[in-house]
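Asker: How does the following fold in three dimensions:
(chains A and B)
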Amino acid sequence: DAGVIQSPRHEVTEMGQEVTLRCKPISGHNSLFWYRQTMMRGLELLIYFNNNVPIDDSGMPEDRFSAKMPNASFSTLKIQPSEPRDSAVYFCASSATGGTYGYTFGSGTRLTVV
Amino acid sequence: AQSVTQPDIHITVSEGASLELRCNYSYGATPYLFWYVQSPGQGLQLLLKYFSGDTLVQGIKGFEAEFKRSQSSFNLRKPSVHWSDAAEYFCAVGARRDDKIIFGKGTRLHILP
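Answerer: I've put the predicted structure just below:
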């Protein structure tokens, strides 16, 4: 298995631009999680899906952030418009039986908004 | 609400020395507990997990952790560290009826040669 695949690995964009981060979970995993990691705030859960349905998006910081999971093998996290304070590493993780048996993380997308 | 506290932001040990990383959690019922490791530029990798049963849990890379309910702790240990263990370590807690896992702020481990 190739693991959780995130793209791109690095993204540099100008303030105000739209940014789309992509994630392919492990085949057969039915839960998907988006996290943001910064030095100041650590790992923050943004949103998670079970069976492609958003369950909890209380961690999404603002309406500028949105996430979709159109099918079991693909999810996107979109920021529109982006701001410098959105600069962080964004991780996607998936799990086979909800989150409580442990997640498998992707390698992350390092986003820099200038 | 669930919470996880890792009181040490940085820990430095000499190669070959023993290691203990502290983790305290807050949760009303018996939690699911995890330790993850993150190497620079990488995602998080699961080291070990506790759900029930034996309170001493063995993980990968020679790590172990002990669940102590009376102290609300789940400390990570290794008898002899290697230079390759230098990384950031995250303790995490989950609930039986919840899919979410809450992570601590992490402890960065430095190894002296």
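Asker: and the residue nearest the centre of chain A, what does it touch?
Answerer: Geometric centre of chain A, nearest residue: residue A:34, 3.3 Å, by C-alpha atoms, centre = their mean. Contacts for residue A:34 (C-beta atoms under 8 Å, 6 or more residues apart in numbering or on different chains) come out as A:23, A:45-48, A:67, A:75, A:77, A:90-92. For glycine as for every other residue, the C-beta is placed from the backbone atoms N, C-alpha and C.
Asker: burial count for residue A:6?
Answerer: Using other C-beta atoms under 10 Å in any protein chain shown, residue A:6 is surrounded by 22 other residues.
Asker: That one contacts residue A:104, correct?
Answerer: No - using C-beta atoms under 8 Å, residue A:6 is not in contact with residue A:104, being 11.7 Å away.
Asker: quick one on the thing from earlier: within reach of chain B, which of the contacts of residue A:34 are there?
Answerer: Subset of these in contact with chain B: A:45, A:48, A:91, counting by C-beta under 8 Å from any C-beta of the partner chain.
Asker: follow-up on the earlier one: partners of the host helix or strand of the residue nearest to the centre of chain A, with directions?
Answerer: For residue A:34, the host element (DSSP states H and E) is strand A:31-38. Strand A:31-38 has its sheet partners listed here by DSSP bridges as strand A:42-50 (antiparallel), strand A:88-95 (antiparallel).
Asker: Now stretch B:93-100: average pLDDT?
Answerer: Regarding stretch B:93-100, the rounded mean pLDDT is 74.
Asker: Endpoints of it, how far apart?
Answerer: Taking C-alpha to C-alpha, to the nearest Å as the measure, stretch B:93-100 stretches 9 Å from start to finish.
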